[in-house]
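Trainee: Only the shape, not the letters, is given here:
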């Protein structure tokens, strides 16, 4: 994540409103931001696999009858977690996002054309604004007990564990 004190505040628009569709009426499409449009067949060029790429496919979602997207983790996560130690998945990249580094920072690599942290923040908001304008709810999939920092037997202190392990995690003192 990053602090950006130089950019103007995001303009949600005077007429911005959330869809507020009743839960019983939701038709939810669970989607990974990158995986939804990263393939060349999406024909998105630099926007493939990005927040803006997903927003550009709103019409496709509408045709499917979707009125809510549940986004797999969109916060910073460790895509390379499987390479840290020998395991059956070491040849893979974590595309699901359940290896959190920072719950409060949008995934930088989901910015179009490698735009970086500030672009990721802005583009995430643009995506949400466009989805809401199309009457599509946005649900964020967040699992607080999945972080990139490993367990007590294999710690990887890069965030909460490194700041104050006993505050953020239950620690076995035996």
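Mentor: Looks like it arrived, so ask away. These figures come from a predicted structure and were not determined experimentally. Numbers count the residues shown, from 1 in each chain.
Trainee: Distance check, residue 93 against residue 130.
Mentor: Residue 93 sits 28 Å away from residue 130, going by Cβ to Cβ, to the nearest Å. C-beta coordinates here come from the backbone N, C-alpha and C atoms, glycine included.
Trainee: Neighbour count for those two, which is higher?
Mentor: Between residue 93 and residue 130, counted using other Cβ atoms under 10 Å, the more crowded position is residue 130 (16 against 11).
Trainee: Contact partners for the nearest residue to the more buried one once chain neighbours are set aside?
Mentor: Spatial nearest neighbour of residue 130, excluding adjacent residues (Cβ to Cβ, 6 or more residues apart in numbering): residue 55 at 4.5 Å. Contacts for residue 55 were tallied using Cβ atoms under 8 Å, 6 or more residues apart in numbering; they are 126, 127, 130, 131.
Trainee: Show the pLDDT at residue 55.
Mentor: Predicted confidence (pLDDT) for residue 55: 98.
Trainee: any idea how far it lies from residue 28?
Mentor: Counting by Cβ to Cβ, the gap from residue 55 to residue 28 is 18 Å.
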